[in-house]
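Chemist: Show me the folded form of this:
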Amino acid sequence: PSAGDTTHSGEITGCGLARATGTYYSNGNGNWTYMKTWTASCSITVNTTGLFNASSGGTYFAGTTFTSATLANNDQITVNYTTWVS
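Modeler: Model (predicted):
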């Protein structure tokens with residue numbers, strides 16, 4: 001994906017894992033952490049995440065893939081992004 005994109009390849013829109021507003025924290029000096037925990041509402045395998053500037057629509061800021069994790073109903077997954085602005 002590229003900055004400015006409005007979609008994320010492999011984006012999950014159901015199963016309790018759709019886009020949502022996260023919480024952000026200032027760590028000082030241009031350092032921010034963004035965090036969100038989702039609870040799966042079905043069994044699903046996940047291996048990618050993305051950060052947008054809005055919970056619906058918006059443009060792409062960052063993303064990554066990770067080792068696949070299979071979530072069962074009511075399992076939770078938490079994603080943290082730390083950014084530095086100088």
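Chemist: Could I get the pLDDT score of Thr64?
Modeler: As predicted, Thr64 sits at a pLDDT of 87.
Chemist: Let's verify it: helix, strand, or coil?
Modeler: Following DSSP: H, G, I helix; E, B strand; the rest coil, Thr64 is assigned to strand.
Chemist: Could you list which residues are in contact with the residue nearest to it when sequence neighbours are not counted?
Modeler: The spatially closest residue to Thr64, leaving aside those adjacent along the chain, is Thr49, at 6.2 Å (CB to CB, 6 or more residues apart in numbering). In short, each C-beta sits where N, CA and C put it, glycine included. Applying CB atoms under 8 Å, 6 or more residues apart in numbering to Thr49 gives the contacts 63-64, 66, 79.
Chemist: Please check those and keep the buried ones.
Modeler: With burial judged by 16 or more other CB atoms under 10 Å, the buried subset of those is 63, 79.
Chemist: State the distance from Asn53 to Cys15.
Modeler: Look at Asn53 and Cys15: by CB to CB, to the nearest Å, they are 24 Å apart.
Chemist: brain fart, Gly63
Modeler: The separation that Gly63 has from Cys15, given CB to CB, amounts to 19 Å.
Chemist: so Asn74 touches Cys42, yeah?
Modeler: No - taking contacts as CB atoms under 8 Å, Asn74 lies outside contact range of Cys42: 9.8 Å.
Chemist: What is the burial count for the residue lying closest to Gln76 once chain neighbours are set aside?
Modeler: Nearest residue to Gln76, sequence neighbours excluded (CB to CB, 6+ apart): Thr39, at 5.1 Å. The local packing of Thr39 (other CB atoms under 10 Å) involves 13 other residues.
Chemist: Strands of the chain, start to end?
Modeler: Secondary structure of the chain (DSSP state E): strands at 23-28, 31-39, 44-52, 60-71, 76-84.
Chemist: can you dump the C-alpha coordinates of the third one into PDB?
Modeler: So that's strand 44-52. In PDB, the C-alpha atoms belonging to strand 44-52 read as follows (Å, rounded to 0.1, in the frame of the first residue of the first chain):
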ATOM      1  CA  ILE A  44     -11.000 -16.200  11.400                       C
ATOM      2  CA  THR A  45      -7.300 -16.100  10.500                       C
ATOM      3  CA  VAL A  46      -5.600 -12.700  10.400                       C
ATOM      4  CA  ASN A  47      -2.100 -11.600   9.200                       C
ATOM      5  CA  THR A  48      -2.300  -7.900   8.300                       C
ATOM      6  CA  THR A  49      -3.100  -4.500   9.800                       C
ATOM      7  CA  GLY A  50      -3.400  -1.000   8.600                       C
ATOM      8  CA  LEU A  51      -3.700   2.500  10.100                       C
ATOM      9  CA  PHE A  52      -6.000   5.100   8.500                       C
END
